[in-house]
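[1] Structure here, sequence nowhere to be found:
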């Protein structure tokens, strides 16, 4: 049983390696690894880093673009911030007292429109802990809120994350409460988690009262017929009045729906318990109301980006994948080796790629045959690589 689990995990490792490469490509290929993004102003979305060496905790928060992380902060302790929206590169400005940007040294002292958080000092979630956290023994995924862009532990979301959240966006409970109208959208749009509470009509029941007493005295047929007729007339009047009210209500609802979707949901929409983070399926933004009143509401809450489908991380990653595929020879590793000459770059990259390919082939054989990889097998593989490298180095130059 133990061997079977190890063999399955080996296959998973091979698949996970490919997934990690694709994820890194999606994130990094969407940003320029060779040129500082500062001239572009406040970039809609880009990969960012914070340098703990240059701007440690206790100082001013600052963020640098992908290219500057390679060219200006090599060997520094960097916090990977993944991606953030509407940010301008800080590298080398007043916040960096002992560093000048190598790529774009002429910068303003500060970028006043940048927004900073605890992430820029390597702290995340409502627990304000680092990631990875050496003192946390609980294995837990972290999910980014699309509003505040902080990363939260799954166990600190106030709810159980739904399955298959890859194509979904999350808004944390704190951000939901800061913009209460989001709860109105949550009931019909958010991924079902907790039961939706709806208003119940009071005083209405189709079940007859079993305790209701029946008079044993038989009324004369003529009197009963007259009362039945009167009752029938009153019932018809009530039904007619009810239909009229329903028609008037329907007209009001249609009018509200045509003018403002949010008002319509506030009037008749189901209610949801206002607790925990909310998960939203792909395409949910297109269902938000975009009338002039709602646009002003979103703008005042600094949430106008929710009406922009291209703002999503998924859209950014798809753009990065497309960009990476259009450059078949591009490898982020090259950007990190720019201080070497071309021959050295090629030697290191080819050597790295060859070793990675051989290691994958080596592990794949074990996975195919259902064998468990032992420490001796791994040691033998690297000894073979070492002997192979010594033979190559010993060859005389032509």
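    Arrived safely. Please read all numbers here as calculations on a predicted model, not as lab measurements.

[2] pLDDT weak spots in the protein?
    Within the chain, the segments meeting pLDDT under 70 span 1-26, 164-167, 192-258, 323-350, 370, 372, 388-398.

[3] Now do the domain split for it, please.
    Per automatic domain parsing, the structural domains of the chain span 1-30+327-391, 31-121, 161-191+232-307.

[4] separation between the closest residue to residue 145 other than its chain neighbours and residue 32?
    Spatial nearest neighbour of residue 145, chain neighbours left out: residue 172 (4.2 Å); criterion: C-beta to C-beta, 6 or more residues apart in numbering. C-beta coordinates here come from the backbone N, C-alpha and C atoms, glycine included. Using C-beta to C-beta, to the nearest Å, we find residue 172 at a distance of 30 Å from residue 32.

[5] which of those two has more neighbours?
    For residue 172 versus residue 32, neighbours defined as other C-beta atoms under 10 Å are more numerous around residue 172 (25 against 18).

[6] Would you quantify the distance from that one to residue 110?
    Per C-beta to C-beta, residue 172 is found 28 Å from residue 110.

[7] go on, residue 187?
    Here the criterion is C-beta to C-beta. By it, residue 187 lies 42 Å from residue 110.

[8] neighbour-wise, which of these two wins?
    residue 187 (18 against 14).

[9] and the more buried one, what element?
    helix 181-189 (DSSP states H and E).

[10] what's in contact with that helix?
    Residues outside helix 181-189 that contact it (C-beta atoms under 8 Å, 6 or more residues apart in numbering) are 171, 175-176, 196, 262, 265-266, 269-272, 274, 278, 280-281, 284, 287-288, 297.

[11] 7 Å - rerun?
    Residues outside helix 181-189 that contact it (C-beta atoms under 7 Å, 6 or more residues apart in numbering): 171, 176, 196, 262, 265-266, 269-272, 274, 278, 280, 284, 287-288, 297.

[12] Same question for stretch 107-120.
    38, 42, 50, 61-63, 81, 86-88, 90, 92-94, 101, 128, 148, 150.

[13] for stretch 160-178, same thing?
    143, 145-148, 152, 154, 157-158, 182-183, 191, 193, 275-282, 312, 314.

[14] The residues you listed, buried ones only, as a PyMOL selection?
    The PyMOL command for the buried members of those (criterion: 16 or more other C-beta atoms under 10 Å) is given here:
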select buried, resi 143+145+146+147+148+152+154+157+182+183+191+193+276+277+278+279+280+312+314
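
[15] filter the contacts of helix 181-189 to the buried ones?
    Neighbour counting over those (16+ other C-beta under 10 Å) leaves 171, 176, 262, 265, 269, 272, 278, 280, 284, 288, 297 as the buried ones.

[16] residues contacting the fifth one?
    What that stands for is residue 269. Per C-beta under 7 Å, 6+ apart, neighbours of residue 269: 184, 187, 188.

[17] ditto for the last one
    Each residue near residue 297 by C-beta under 7 Å, 6+ apart is listed here: residue 181.

[18] Can you show me the strands along the stretch 101-250 of the chain?
    Secondary structure of the stretch 101-250 of the chain by DSSP state E, counting those that start in this stretch: the strands cover 142-144, 151-153, 169-171.

[19] nearest to residue 75, of these?
    Nearest to residue 75 among these is strand 151-153; the distance by C-beta to C-beta comes to 25.3 Å.

[20] which other helices and strands contact the closest one?
    Strand 151-153 makes packing contacts with strand 142-144 when contacts are defined by 3 or more C-beta pairs under 7 Å, 6 or more residues apart in numbering; DSSP states H and E.

[21] Name the surrounding residues that touch the strand it packs on.
    Here strand 142-144 has contacts from 82, 124, 131, 151, 152, 153, 154, 161, 165, 170, using C-beta under 7 Å, 6+ apart.

[22] do the same with stretch 42-58
    Contacts for stretch 42-58 (C-beta under 7 Å, 6+ apart): 27-28, 30-31, 37, 61-66, 69, 73, 76-88, 95-96, 99, 113, 120-122, 311, 316.

[23] Write a PyMOL command that selects only the buried members of those.
    A single PyMOL command selects the buried members of the contacts of stretch 42-58 (16+ other C-beta under 10 Å):
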select buried, resi 27+28+30+31+37+61+62+63+64+65+66+69+73+78+79+81+83+84+85+87+88+95+96+99+120+121+122+311+316
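
[24] among the contacts of stretch 42-58, which are in helices?
    Counting by DSSP state H, the contacts of stretch 42-58 place 27, 28, 66, 69, 316 in helices.
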